[in-house]
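Engineer: what shape does this take:
(one chain, ligands or ions: 1)
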Amino acid sequence: MNHKRQKEIEQLAKNLLTETNCYSYPPIDVEEVARRKGIQIIRFDFGEEVSGVLITEKGTSIIGLNPENGHKRQRFTIAHELGHYILGHQRSGMFVDTPERYFTMFNFRNAASSTGELVQEREANAFAAALLMPLDLIQKVIDDLKDKIDIRSQTDESYEDDFLVKLANAFNVSTQAMGFRLSTLNKLW
Ligand SMILES: [Zn+2]
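Structural biologist: As a prediction, the model looks like this:
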């Protein structure tokens, strides 16, 4: 994804948070964002193959979640489906997200792909990250954490791990998602 598109997606995510009045000190209440946008969330055991779906029919949208997934994973899935919704990837019908697709996006995010589907998945992930971990809020929490953690008492490595865990917990996201977010932000900051 180019820099311009990444910036656009950051802005769209922030717009959604302000529009729904959910831009506040983290963690972001992503279920509330969906609710205020008029999107119903249902939990249904789709089996291991599906982590989430976005169904749009006659102007009404529903996000389906797999309750077997962990809490943080469910939060990311809601944000990811909201990404498909806001970015207009789908007008009607059903959008099915499998864990495989999802994690492929994480692991091979830079792999060149010409298919529209991969582009949409990457964009939905970028949107989800921007929604759950807004730039300004990350900066704010980093500043707060720096005040609280005693740097001298730790080695560089344990300090970094500890910091990442604390930061991820503050936003109620996985350390994987936060680590990925920080590497993206290095290019944006
Ligand atoms: Zn998707």
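Engineer: surely residue 55 meets residue 81?
Structural biologist: No - contact criterion Cβ atoms under 8 Å: residue 55 and residue 81 do not qualify, at 9.5 Å. To be clear about C-beta, it is placed using only N, CA and C from the backbone, and glycine gets the same treatment.
Engineer: who has more neighbours out of those two?
Structural biologist: The residue with more neighbours, out of residue 55 and residue 81, is residue 81; 30 against 19, by other Cβ atoms under 10 Å.
Engineer: what's near enough to touch whatever residue of the chain ends up closest to the ion?
Structural biologist: Closest approach between the chain and the ion, counting by Cβ to the ion: residue 97, at 4.0 Å. Shown in contact with residue 97 (Cβ atoms under 8 Å, 6 or more residues apart in numbering): 50-54, 77, 80-81, 121.
Engineer: which ones among these lie within strands?
Structural biologist: 52-54 (DSSP state E).
Engineer: which residues are common contacts for residue 55 and residue 81?
Structural biologist: Common neighbours of residue 55 and residue 81 (Cβ under 8 Å, 6+ apart) are 63, 95.
Engineer: spell out which parts of this protein neighbour the ion.
Structural biologist: 97, 121, 124 (Cβ under 5 Å from the ion).
Engineer: recalculate using a threshold of 6 Å.
Structural biologist: When proximity is defined as Cβ under 6 Å from the ion, the chain approaches the ion at 80, 84, 97, 121, 124.
Engineer: report the separation between residue 162 and residue 185.
Structural biologist: Residue 162 is 19 Å from residue 185, where distance means Cβ to Cβ, to the nearest Å.
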